[in-house]
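>>> coords below, sequence missing:
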Ligand SMILES: Nc1ncnc2c1ncn2[C@@H]1O[C@H](COP(=O)(O)OP(=O)(O)OP(=O)(O)O)[C@@H](O)[C@H]1O
């Protein structure tokens with residue numbers, strides 16, 4: 001699966017309202033200040049890679065953005081919402097618009113790929129009828145099939161997901177996420193626990209969604225070669241702040257390794 005790798009034109013995205021604006025974000029855990037007042041903005045329609053040493057706070061940052069971890073302080077504006085001030089109901093609606101891809105995909109193993117993907121519509125179309133493949137309205141089923149086709153798995157739709165490979169399961173999870181019709185995707189190491197080739201296919205698929213569907217992506221990856229191949233911009237987290245912010249076309253592996261060396265020495 002080859003995603004086109006040319007970056008989007010700068011006109012348009014340079015003037016558009018940011019899809020995400022973070023200002024002075026902090027998060028403390030007992031005895032440790034993990035995020036220490038970090039600020040950045042993301043233009044829409046771009047793939048941004050988030051890198052940093054183990055324990056630097058990448059997952060905490062991603063979770064704070066949708067308040068799966070509550071920020072200790074600061075401001076988050078995403079998709080036009082003041083995230084920190086959303087009511088519980090507003091937060092549920094907001095989360096339905098953000099597609100999240102985890103390293104562990106939490107599919108229902110005994111259900112078919114199609115049923116799992118149909119579940120992605122749940123937040124959008126509430127009600128038990130959307131749950132089961134056979135009972136879902138035809139429009140929902142058709143959309144789920146289109147999402148499976150988008151990730152290259154239309155021919156596996158009726159197989160139980162526990163009969164699929166790890167890479168195929170990750171693609172089913174991405175199809176389920178697409179059923180939410182998200183404008184923004186957060187991905188926390190979607191290429192971890194996959195073999196190199198499969199991890200590359202998953203990253204390529206995510207970049208394809210940015211290039212072809214105009215979605216915005218913030219993705220954590222520990223694989224530097226993926227960071228360099230599948231992003232437009234690289235943000236590096238160290239000491240609780242953004243310590244590197246670089247267009248990917250100006251980055252190289254040696255420079256990124258140097259960033260890690262400095263971050264560890266600091
Ligand atoms: N619920 C929690 N309670 C206490 N400490 C936590 C909690 N969640 C995370 N931490 C701590 O916050 C720090 C940052 O963790 P986080 O998982 O965000 O880092 P990361 O950069 O994603 O790491 P990795 O690359 O290893 O996945 C770590 O020291 C971790 O132990």
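Thanks, I have the structure now. Quantities reported herein were computed from a predicted structural model and do not represent experimental measurements.

>>> other SSEs contacting the biggest helix by length in the chain?
Longest helix in the chain, counting residues (DSSP state H): helix 196-213. The helices and strands touching helix 196-213, judged by 3 or more CB pairs under 8 Å, 6 or more residues apart in numbering; DSSP states H and E, are strand 47-52, helix 166-178, strand 184-188, strand 216-220, helix 224-229. Yep, even glycine has a C-beta here, placed from its N, CA and C like the rest.

>>> So which bits of the longest one are buried?
Spelled out, it's helix 166-178. Across helix 166-178, burial judged by 16 or more other CB atoms under 10 Å covers 167-178.

>>> Make a markdown table from those and add distance to residue 67 and pLDDT to it.
Output for these, formatted as a markdown table (distance: CB to CB, whole Å; pLDDT from 0 to 100):
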| residue | distance to residue 67 | pLDDT |
| --- | --- | --- |
| 167 | 30 | 90 |
| 168 | 31 | 93 |
| 169 | 27 | 94 |
| 170 | 25 | 91 |
| 171 | 27 | 92 |
| 172 | 26 | 95 |
| 173 | 21 | 94 |
| 174 | 23 | 94 |
| 175 | 25 | 95 |
| 176 | 21 | 94 |
| 177 | 18 | 93 |
| 178 | 22 | 93 |
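
>>> Adding distance to the ligand, write the residues you listed out as a markdown table.
Listed next are the buried residues of helix 166-178 as a markdown table, based on distance: CB to the nearest ligand atom, whole Å:
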| residue | distance to the ligand |
| --- | --- |
| 167 | 20 |
| 168 | 24 |
| 169 | 20 |
| 170 | 17 |
| 171 | 22 |
| 172 | 23 |
| 173 | 18 |
| 174 | 20 |
| 175 | 25 |
| 176 | 23 |
| 177 | 20 |
| 178 | 24 |
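
>>> Quick check: of those residues, which lies closest to residue 94?
Closest approach to residue 94 among those (CB to CB): residue 177, at 15.2 Å.

>>> correct me, but that closest one touches residue 98?
No: Residue 177 lies out of contact with residue 98 (CB atoms under 8 Å); the separation is 9.3 Å.

>>> can you tell me the average pLDDT over the strand or helix carrying residue 40?
Using DSSP states H and E, residue 40 falls within strand 32-42. Strand 32-42 shows a mean pLDDT of 96.
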